[in-house]
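Peer 1: Okay, structure incoming, though there's no sequence with it:
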Ligand SMILES: [Zn+2]
């Protein structure tokens, strides 16, 4: 069996890849111009027409597309707005973003072809990390309106795996199912994979010893590529952890970690163009530097996504950084966070992911929270820690170490480090929110 799901697409030369991308870009732009009022109106206003696409560099003539524009179009003509290029009657799936309170969710539609493509992209990633027909895969996923692992479920069927969906099950039931059905691979968020392991410990189960799980496929949070989190999960489960990332706007994943685990995720470049652009500007950013990802997708005819600004923080590195033979470039450390997650504290940039990677180096930490407050005129930042049961005597050394490591990683910025009572911090199954900003909001908008 090939190590690639699509050997031709995943290993074609960079020249062939660029030619294919240009072809697909033209086709997608022609389609969007003819069928999506949203794109036609915006492009006309910006003086762009698909006929201007002579080379791949002409991509830069297309105006960026933002979530705000999409949301405005949706609000103007609810429920789906003017973006869809196909009438609603032809759709077979309707999904929404998970939508935190007060924020209107983004609504997406898919036709049969789109849905087939969505599972195909997941198949690239799941197969690439080593899933094979003999695998028994458990999904710790709610199967609700959030698109999440839906496509991965269908990809497993495509590959020929035995699939266990556990929407609505308790964590204990999921752990029990893993043992009872000989599950060999689990799909969940990194946070929830930790939660399942903790629940198993409380049930007297050692997942590394007692379960057959050898692969964890994680998605939904940047933590899947944080080395400390990965190490902790790998030793807890006795399994390899593979990172993937997608978004509701795309409906599926656009990057995945291959089984060589090169410390980054391959971009599926025969189906996406991923540009790295300076955040808030339009200058292309070279390999190795922090950038915002801007995505163009070729797979979803219903809602054409062309030069969409994601606000995801990434560092692109060339395909030669991985020895697996794929010719898709990589994002070093996966999605490294979101540009709008960055907090300015007393003149220093703080990224929640960077804090998490330091905190997770300490094996005694169970859960944590980053707390921003204002005392008088001064901003304060504190990390509140909950220890694993029975690890209380680790605290004094841990406190000293965290104070030192956090300050060193942030230009000397002094963090408070506090101990919380057991089970007082919030737990998450999906999209963990560990940063709480209690500073007066007005000045930060
Ligand atoms: Zn690779």
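Peer 2: Now that the structure is in, tell me what you want to look at. Note that this is a predicted model, so its numbers are computed, not measured. Numbers count the residues shown, from 1 in each chain.
Peer 1: quick one: is the host helix or strand of residue 118 near the ion?
Peer 2: In the assignment (DSSP states H and E), residue 118 maps to helix 112-128. No - Helix 112-128 lies out of reach of the ion by C-beta under 5 Å from the ion, never closer than 7.5 Å. The C-beta positions use only the backbone N, C-alpha and C, and glycine is treated the same way.
Peer 1: Begin at 9 from now on, thanks
Peer 2: Okay, residue one is now 9; in that scheme the one you just asked about reads as helix 120-136.
Peer 1: Flag every buried residue along that helix.
Peer 2: 122-123, 125-136 (16 or more other C-beta atoms under 10 Å).
Peer 1: I'd like to know which elements it is packed against.
Peer 2: helix 158-167, strand 248-255, strand 260-264 (3 or more C-beta pairs under 8 Å, 6 or more residues apart in numbering; DSSP states H and E).
Peer 1: Could you list the residues in contact with whichever helix or strand comes after that helix?
Peer 2: Per DSSP H and E, the first helix or strand lying C-terminal to helix 120-136 is strand 144-147. Here strand 144-147 makes contact (C-beta atoms under 8 Å, 6 or more residues apart in numbering) with 139, 157, 160-161, 164, 169-175, 182, 185-186, 189-196, 220.
Peer 1: Can you name the residue of the stretch 59-208 of the chain nearest the ion?
Peer 2: Across the stretch 59-208 of the chain, the shortest distance to the ion (C-beta to the ion) belongs to residue 136, at 7.5 Å.
Peer 1: Give me the nearest residue to that residue, chain neighbours excluded.
Peer 2: residue 266 (4.7 Å; C-beta to C-beta, 6 or more residues apart in numbering).
Peer 1: List the contacts of the one you found.
Peer 2: Residue 266 neighbours (C-beta under 8 Å, 6+ apart): 136, 137, 274, 330, 332, 334.
Peer 1: In CSV: those residues, plus pLDDT.
Peer 2: What follows is the contacts of residue 266, written out as CSV (pLDDT from 0 to 100):
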residue, pLDDT
136, 98
137, 98
274, 98
330, 98
332, 98
334, 98
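Peer 1: if we can go back for a sec, closest one of the buried residues of helix 120-136 to residue 205?
Peer 2: Relative to residue 205, the closest of those is residue 134; by C-beta to C-beta it sits at 21.3 Å.
Peer 1: and residue 323, what is it in contact with?
Peer 2: Contacts of residue 323 (C-beta under 8 Å, 6+ apart): 296, 297, 298, 299, 339, 340, 341, 344.
Peer 1: One more pass at 6 Å, please.
Peer 2: By C-beta atoms under 6 Å, 6 or more residues apart in numbering, the residues touching residue 323 are 298, 340.
Peer 1: that's a helix at it, yeah?
Peer 2: No - checked against DSSP: H, G, I helix; E, B strand; the rest coil, residue 323 lies outside a helix; its state is strand.
Peer 1: quick one: it and the ion, what's the gap?
Peer 2: 16 Å (C-beta to the ion, to the nearest Å).
Peer 1: in the sheet, who's paired with that residue?
Peer 2: Taking DSSP bridges, one finds residue 298 as the beta-bridge partners of residue 323.
Peer 1: separation between the residue of the stretch 59-208 of the chain closest to the ion and residue 45?
Peer 2: 37 Å (C-beta to C-beta, to the nearest Å).
Peer 1: In terms of secondary structure, what does the helix or strand where residue 102 lies contact?
Peer 2: Per DSSP H and E: residue 102 is located in strand 101-104. In terms of contacts (3 or more C-beta pairs under 6 Å, 6 or more residues apart in numbering; DSSP states H and E), strand 101-104 is packed against strand 115-118.
Peer 1: Can you list the neighbours in contact with the strand it packs on?
Peer 2: With C-beta under 6 Å, 6+ apart, strand 115-118 has contacts from 87, 88, 92, 99, 101, 102, 103, 104, 310, 311.
Peer 1: How far off centre is that strand?
Peer 2: Distance, stretch centre to chain centre, for strand 115-118: 19 Å (C-alpha atoms, centre = their mean, to the nearest Å).
Peer 1: Work out the sheet partners of it and label each with its direction, please.
Peer 2: In the sheet, strand 115-118 lines up with strand 101-104 (antiparallel) (DSSP bridges).
Peer 1: The strand it pairs with: which residues count as buried?
Peer 2: For strand 101-104, by 16+ other C-beta under 10 Å, it's 101, 103, 104.
Peer 1: Burial check on the closest residue to the second one other than its chain neighbours, number of neighbours?
Peer 2: Nearest-residue entry for residue 103: residue 155, 4.1 Å, with adjacent residues in sequence omitted and distances by C-beta to C-beta, 6+ apart. Residue 155 sits with 23 neighbouring residues when counted by other C-beta atoms under 10 Å.
Peer 1: One more: residue 16?
Peer 2: 9.
Peer 1: I'd like to know how far it sits from residue 119.
Peer 2: Taking C-beta to C-beta, one finds residue 16 at 25 Å from residue 119.
Peer 1: Get me the contact residues on the stretch 209-358 of the chain for the ion.
Peer 2: 266, 268, 330, 332, 334.
Peer 1: Recalculate using a threshold of 8 Å.
Peer 2: 265, 266, 267, 268, 270, 274, 330, 331, 332, 333, 334, 338 (C-beta under 8 Å from the ion).
Peer 1: Residue 375: neighbouring residues, count only.
Peer 2: If we define neighbours as other C-beta under 10 Å, then residue 375 has 24 of them.
Peer 1: hang on, it packs against residue 434?
Peer 2: No - counting by C-beta atoms under 6 Å, residue 434 is not a contact partner of residue 375; they are 7.9 Å apart.
Peer 1: Tell me which helix or strand comes right after the lengthiest helix in the chain.
Peer 2: Counting residues, the longest helix found in the chain (DSSP state H) is helix 22-43. On the C-terminal side of helix 22-43, the nearest following helix or strand under DSSP H and E is helix 45-54.
Peer 1: can you give me the angle that next one makes with helix 22-43?
Peer 2: Helix 45-54 and helix 22-43 are oriented at 100 degrees to each other (axes from the mean of the first three to the mean of the last three C-alpha atoms, to 10 degrees).
Peer 1: could you point out which element follows helix 45-54?
Peer 2: helix 75-84.
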